[in-house]
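> Here is my input, please return the structure:
(one chain, ligands or ions: 2)
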Amino acid sequence: MKVALITGITGQDGSYLAELLLEKGYMVHGVKRRSSLFNTDRIDHLYQDPHHPKQRFKLHYGDLTDSMNLTRIIEECQPDEIYNLGAMSHVKVSFDTPEYVGNVDGLGTLRILEAVRLLGLEKKTRIYQASTSELYGGLAENKNERGFYDENSPFYPRSPYGVAKIYGFWITKNYREAYNMFACNGILFNHESPRRGETFVTRKITRATARIALGLQDKVYLGNLDAKRDWGHAKDYVRMMWMILQAETPEDWVIATGETTTVREFVRMSFAEVGVELEFKGKGVDEKAFVKKCNNPEYQIEIGKEVLSVDPTYFRPTEVDLLIGDPTKAKEKLGWVPEYNLNALVKDMMTSDVKLMKKDQYLKDGGYTILNYFE
Ligand code: NDP
Ligand code: GDR
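Ligands and ions are numbered 1, 2, ... in the order given. Below you'll find the model as predicted:
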């Protein structure tokens, strides 16, 4: 039985990857941070009783800032594959906690690589590093001749997160070259899902849309509506993480859809999923969105209602304006065929959030407190 170790197993990608590897028959170990509450919502359905003789899913307390802890876990698990997905992954928050992000997202990667090397596992253990399109920083002049970012495009990170991840990228490549390790970077563009953290823009939008439709929330405040992202579905992307470690040679790979869309358009598409047509008026910080039509009798949402305003709090000190990836290499060499397009992604997220928010509505009607925290 193959053995995998996943850092960041409680996150969006970690949960989908754990599912995939369990389906493939792996023994899956995960690193979980200690927190004052259970923080396992995304993987509760995978939990297995530790007393079960055939247990194939095991969590270990740990942290990417603690090299002794990581070394001990790796020694115990003897993994064939390590997926280093753990990170403080929010770009805006990285401006508030830059040193911590450097430690976790940058040095954390080194700690994994060095542990594998010191334990003498460099011939056995393959390592996947969660690199990111944030490395490119969205500089127009750095796109390839076809207008995309690819494996050869120069990097120019625009946040403490991007800068920390660039260390992770290069140290992974360096250990590959210096010690002949099977260590690979997946340069993944934005990928979303119903399990996406609530403070990333897509989930913030789908959650708010469902709440507004159901009368649980008045409006949503967003930052830069003109930002463009290449959004795919996390389920498609974790499959690629696995494929990257099954390749014949260790390499770096861009995973993207090759299409880019504004935040404004994502809002429009989300409201359309619940039958609400929007009209955007104004520019920059004065831009707002109003309900133009409501084609769904289930939702009593009044025509002309203001449902979106811009709040500059959500602007970033330095922004990545546009990202679009070129997945040609992954398509040709790894057979990358995503199952979801943007329409299917929005539908999946909206279906899930409407269901979740109906549950909240039921709880609220029953007198229970529901989460009213927006960020
Ligand atoms: P999430 O934010 O959903 O998950 C991050 C995970 O990292 C969580 O399990 C979190 O634990 C864990 N973590 C945070 N800090 C530490 C730490 N100090 N020690 C150990 N674990 C820690 O991110 P995603 O699942 O979306 O992304 C997975 C990885 O891929 C990240 O590295 C991200 O930067 C990268 N990435 C993501 C992209 C995307 O669009 N989703 C695109 C490109 C790269 P806890 O639950 O306790 O907070
Ligand atoms: P990103 O994702 O920064 O691309 O990083 P996020 O969803 O946070 O932002 C995307 C774009 O939307 C704009 N935006 C807002 N963003 C947030 N979070 N909240 C808002 O209210 C809002 N309004 C507008 C942002 O300015 C930005 O331009 C994600 C993370 O998953 C990283 O870990 C990963 O590496 C990259 O994707 C690829």
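> which bits of the stretch 51-200 of the chain sit near ligand 2?
Residues of the stretch 51-200 of the chain lying close to ligand 2 by CB under 6 Å from any ligand atom are 89, 91-92, 132-134, 189-190, 199-200. Every C-beta, even on glycine, is put in place using the N, C-alpha and C of the backbone.
> Also near ligand 1: which of the residues you listed, exactly?
Filtering those for proximity to ligand 1 by CB under 6 Å from any ligand atom leaves 89, 132, 190.
> And the strands in the stretch 1-150 of the chain?
3-7, 27-32, 57-61, 81-84, 126-132 (DSSP state E, counting those that start in this stretch).
> Tell me how many other residues surround whatever residue of the chain ends up closest to ligand 1.
Per CB to the nearest ligand atom, the residue of the chain with the smallest distance to ligand 1 is Gly11, at 2.1 Å. Counted with other CB atoms under 10 Å, the neighbours of Gly11 add up to 23.
> What of Pro53?
As a burial measure, Pro53 scores 5 neighbours (other CB under 10 Å).
> do Gln246 as well
The number of residues near Gln246, taken as other CB under 10 Å, comes to 9.
> Next one, pLDDT for it please.
Per-residue confidence (pLDDT) for Gln246: 98.
> Kindly reformat the ones next to ligand 1 among the residues of the stretch 51-200 of the chain next to ligand 2 as CSV containing pLDDT, distance to Phe169 and neighbour count.
As requested, these are exported to CSV (pLDDT from 0 to 100; distance: CB to CB, whole Å; neighbours: other CB atoms under 10 Å):
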residue, pLDDT, distance to Phe169, neighbour count
Ser89, 98, 15, 22
Thr132, 98, 9, 25
Asn190, 98, 17, 22
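> Name the nearest of those residues relative to Val337.
Each of these was scored against Val337 by CB to CB, and Asn190 proved nearest at 18.8 Å.
> backbone phi and psi for the closest one, please?
Here is the backbone geometry of Asn190 (degrees, to the nearest 10): phi -50, psi 130.
> Then Val291?
Val291 adopts backbone torsions of phi -80, psi 120, taken as degrees, to the nearest 10.
> Tyr299 is in contact with that one, correct?
No: look at Val291 against Tyr299 with CB atoms under 8 Å: they stay out of range, at 9.9 Å.
> list residues touching both of the two?
Residues touching both Val291 and Tyr299 (CB atoms under 8 Å, 6 or more residues apart in numbering) are Val276.
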